[in-house]
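Chemist: Below are the sequence and a predicted model; questions follow.
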Amino acid sequence: MRLTRPMLAPAALAAALALTGCGADGDGGDGRDAVPATATGSLEHLAAEAECTPDLQTDADTIRQALCGTGDEKYVLATFSTDRGQREWINTAKDYGGYYLVGRKWVAVGHEDVVADLRGRLGGTLEQGVRHGGGGHSGGHTGHGG
């Protein structure tokens, strides 16, 4: 039972990283006023609400994960069997950076503007992963003296 989640997490994280990169650009902030009630349901139902034809990548008891969109509009949509499983997945994934739209037992991971746009269709809460200083220069100094 528990072996499934640890084995799926690396694949899910790799997909999330491939889609979000570390340090996505964007201004964010649009669309915060008109957020609908947070959507619920199966992966297929959420994908329909998001106007996506899901490309199923993982279909397991604890997590179902699909790719949606094309090009820069790509994102990962995942549903979870438990709230705890979802939170553990998000907490682990956030170490790799990225932007997360979080609903009840589901998450969408993609570029900041993509998840902000999805929020207008699915509701949810926006969360941001840890920013790693891979070449960016804002944020990330931890006391350097001279």
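Modeler: Yep, it's here. Numbers count the residues shown, from 1 in each chain.
Chemist: Any idea which helix or strand in this protein has the lowest mean pLDDT?
Modeler: Least confident helix or strand of the chain, by mean pLDDT, DSSP states H and E, is helix 4-20 with a mean of 47.
Chemist: Next, the buried residues of the helix or strand that that helix is followed by.
Modeler: Next along the chain after helix 4-20, taking DSSP states H and E as the criterion, comes helix 43-49. Within helix 43-49, the residues that count as buried by 16 or more other CB atoms under 10 Å are 43, 46-47, 49. C-beta coordinates here come from the backbone N, C-alpha and C atoms, glycine included.
Chemist: which of those lies closest to residue 119?
Modeler: Distance to residue 119 across the buried residues of helix 43-49 (CB to CB) is lowest for residue 49, with 11.7 Å.
Chemist: so who does the closest one touch?
Modeler: Shown in contact with residue 49 (CB atoms under 8 Å, 6 or more residues apart in numbering): 39, 41, 121-122.
Chemist: Tell me the most packed of those residues, by neighbour count.
Modeler: The residue in the contacts of residue 49 with the most neighbours, by other CB atoms under 10 Å, is residue 122 (23 neighbours).
Chemist: Tell me who's in contact with the residue lying closest to that one once chain neighbours are set aside.
Modeler: Leaving aside its sequence neighbours, residue 122 sits nearest to residue 39 (CB to CB, 6 or more residues apart in numbering; 4.5 Å). By CB under 8 Å, 6+ apart, the residues touching residue 39 are 45-46, 49, 103, 106, 121-124.
Chemist: one more time with 6 Å, if that's ok
Modeler: Residues counted as contacts of residue 39 (CB atoms under 6 Å, 6 or more residues apart in numbering) are 46, 49, 122-123.
Chemist: do residue 50 as well
Modeler: By CB under 6 Å, 6+ apart, residue 50 lies in contact with 118, 121-122.
Chemist: And for residue 121?
Modeler: Taking CB under 6 Å, 6+ apart, one finds 49-50 in contact with residue 121.
Chemist: Read off the pLDDT value for it.
Modeler: Residue 121 is assigned a predicted lDDT (pLDDT) of 95.
Chemist: Could you list the low-pLDDT ranges of the protein?
Modeler: 1-33, 132-146 (pLDDT under 70).
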